[in-house]
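Enquirer: got a predicted structure here, sequence first:
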Amino acid sequence: MAVRIKSTGISRAADTHSIVENSGRAAKQSLERVGVRPDQVGVLINAGIFRDSNTVEPAVSALIQKAAGIGLEYGKDDPRTFSFDLMNGAVGVLNAVQVASSILDTGSAEHVLIVSGDTHPSQTRSIADDEFPYATAGAALLLEHTDEPEGFGPVHTAIGAGAPAVEAYVDTATMGLVGRGLMTVVREEGFEDRLLETALEAARSALTEAELADLSGIALIASTPSANFPLRIAEDLGIAVDSVRRPDLTDGDPHTAALPMAYDKAVTEQTLRGYTYLLFVAAGAGPSAAAALYRLPALVGAPA
């Protein structure tokens, strides 16, 4: 028994910089692609961090759920959808996979929908820059239980020692009346090397448990604090760099949406054909990291 990705959705809309709208549209797309009704989603988990106007309450997951049109029926016997935010930076999507797997294993939900993505709180821009190094994008992973020998293996985590490497905050001492549209992001010198060290620890743990002697059948998707970060992980693990699949980085790092966007792109472009496994690796502030080996379903081109 395992949990697999049934569908994905992506939104990088030109008409809005709202992460609620983009994540809601991505969620809708993931359902429409496979004909799943909103009432078939038992749980929605939002792994995004940077949100519209620095919203604190209500949970952004509830706003995304409403934008996606999920669980809006209010009759006595209408189906219910529970939603919540799970915030752990770039690692959040894999943490959400952990939670979703536990939920789906109990049979208490037919599908779990993970949404992720970030935006500048001012909602005035979508392209990453030195001040705010994250691109605006919404993404969704629709998960389901399967009895087939495919899907996610255990999620392995790692935490580095010392300072968090990456920090984000609103400076309350200087924000004045415009704090809801401000965000300061600080990356310490050498932050990427520290993220890499932690990412490799989690990735090696996942590969060791799987006892795979031959890595030639493994593709790699990783978070993208830089365009080269996934390539560095592959080189250190001994995975061929041409087996790395990255998201569209035209606007910069999509942060929490990087893993779903890369998977969606690879499936759409059919570049996972011939691979048996996909290694997901994420690393971010903490520094913290997570990794999971995913046995690819035949429907995305895995060998029978």
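Expert: On my side now, so go ahead. Numbering: from 1, shown residues only.
Enquirer: look at the closest residue to F82 other than its chain neighbours and report its pLDDT.
Expert: Leaving out its chain neighbours, the residue that sits closest to F82 by C-beta to C-beta, 6 or more residues apart in numbering is V43, at 5.2 Å. C-beta here means a position set from N, CA and C on the backbone, and glycine is covered the same way. On the pLDDT scale, V43 is placed at 97.
Enquirer: wait, is V43 part of a helix?
Expert: No - membership of V43 in a helix is not supported by DSSP: H, G, I helix; E, B strand; the rest coil, which gives strand.
Enquirer: for the protein, give me the ranges with low pLDDT.
Expert: 1, 76, 299-304 (pLDDT under 70).
Enquirer: for it, what spans make up the strands?
Expert: Assigned by DSSP state E, the strands in the chain fall at 2-11, 41-46, 82-85, 111-118, 137-146, 151-159, 166-169, 184-187, 218-222, 277-284, 288-295.
Enquirer: tally of neighbours for A234?
Expert: Using other C-beta atoms under 10 Å, the number of residues around A234 comes to 23.
Enquirer: which helix is the longest one in this structure?
Expert: Ranked by number of residues, the top helix in the chain under DSSP state H is helix 191-210.
Enquirer: now do that one: which elements does it pack against?
Expert: strand 151-159, helix 229-237, strand 277-284, strand 288-295 (3 or more C-beta pairs under 8 Å, 6 or more residues apart in numbering; DSSP states H and E).
Enquirer: in JSON lines, list those along with distance to G179.
Expert: Below are the helices and strands packed on helix 191-210 laid out as JSON lines (distance: least, C-beta to C-beta, whole Å):
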{"stretch": "strand 151-159", "distance to G179": "30"}
{"stretch": "helix 229-237", "distance to G179": "31"}
{"stretch": "strand 277-284", "distance to G179": "24"}
{"stretch": "strand 288-295", "distance to G179": "27"}
